[in-house]
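K.L.:
just need the structure, nothing else, for what follows:
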Amino acid sequence: MQAEGFVKGRPTELAVLNYGLFKVHSNGRIIGICGFVIRTEAGELILIDTGLPAKYATDTDAAVKEDRLFEFGEVLICGPDNLPEAQLAKLGIKPADVTLQICTHTHIDHVGGLGDFPASPILISAAERALRRPLYWGDVQPLEWPNRNYFEVEGDVEIGPGLTVLAAPGHAPGQIAMMVDLPSGAFLLTSDAISRSAEIDEKFAGSWDEQAAIASADRLMRLASQRDAFVIYGHCPEQWPELKKAPEFYR
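P.N.:
Sure, this is the predicted structure:
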């Protein structure tokens, strides 16, 4: 399906969704898990990423064991309040109100609710959608692709006025970022293309493709500088506590 020009209205509000808190074993880093909602002047509601699978809010220990996520880190917070439906409810949004889902990439903390919004199509990079299954975590890939309408994008695509999908491979084959033009100015949502600013100096060690990640980050930061954009990183421990989160929003 064609994604260019799919969104009709300009963005008016951006809300950060709090999907929980995670501790990385290798470095002790505590990171927030985030998603976003964009509201447009045409009344459209765009959901970006859906956090961990719902089973983590039901029985965290069992879910961690099933997925072997203990090999990577520890889920510190993921309760019913951290699931997409509860986060949307803080903004007065019901699941059926979501008009478009955007999946920045298919790791476990971004695709947990990918199939939970049957009324909305899913926008995803063609490279990520071409994978046999969503990446999930390590060699654990239990998720099938939901039976939905997909907008598969390649390169940079302006999906609506003031709303641009930016190709940013490196962390994942089809990683994407978003440039959002709000009334107050531009916002760059890097997702895991740049999880935190220090990752740039660390040369994205351990990424799926380190050289691609370096190139993507360089381009994104140049775009942010050109637009004087407020950058929201994917998992920045220093930035996370300072971000407004639903029910608050940026506009």
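K.L.:
restricting to C-alpha, output the strand ranked longest in the chain in PDB.
P.N.:
The longest strand of the chain (DSSP state E) is strand 11-24. Provided in PDB are the C-alpha atoms of strand 11-24 (Å, rounded to 0.1, in the frame of the first residue of the first chain):
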ATOM      1  CA  PRO A  11       0.700  17.100  13.700                       C
ATOM      2  CA  THR A  12      -0.600  19.100  16.600                       C
ATOM      3  CA  GLU A  13       0.400  17.100  19.700                       C
ATOM      4  CA  LEU A  14       3.000  14.500  20.600                       C
ATOM      5  CA  ALA A  15       2.800  12.400  23.700                       C
ATOM      6  CA  VAL A  16       5.500  10.100  25.100                       C
ATOM      7  CA  LEU A  17       4.200   6.700  26.300                       C
ATOM      8  CA  ASN A  18       5.800   5.000  29.300                       C
ATOM      9  CA  TYR A  19       6.100   1.300  28.600                       C
ATOM     10  CA  GLY A  20       8.300   0.500  31.600                       C
ATOM     11  CA  LEU A  21      11.900   0.400  32.800                       C
ATOM     12  CA  PHE A  22      14.700  -2.000  32.000                       C
ATOM     13  CA  LYS A  23      18.200  -2.700  33.400                       C
ATOM     14  CA  VAL A  24      20.900  -3.800  31.000                       C
END
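K.L.:
against residue 35, how distant is the residue nearest to residue 104 when sequence neighbours are not counted?
P.N.:
Nearest non-adjacent residue to residue 104, counting by CB to CB, 6 or more residues apart in numbering: residue 191, 3.7 Å away. To be clear about C-beta, it is placed using only N, CA and C from the backbone, and glycine gets the same treatment. According to CB to CB, to the nearest Å, residue 191 and residue 35 sit 10 Å apart.
K.L.:
find residues that contact each of those two.
P.N.:
Residues touching both residue 191 and residue 35 (CB atoms under 8 Å, 6 or more residues apart in numbering): 48, 49, 110.
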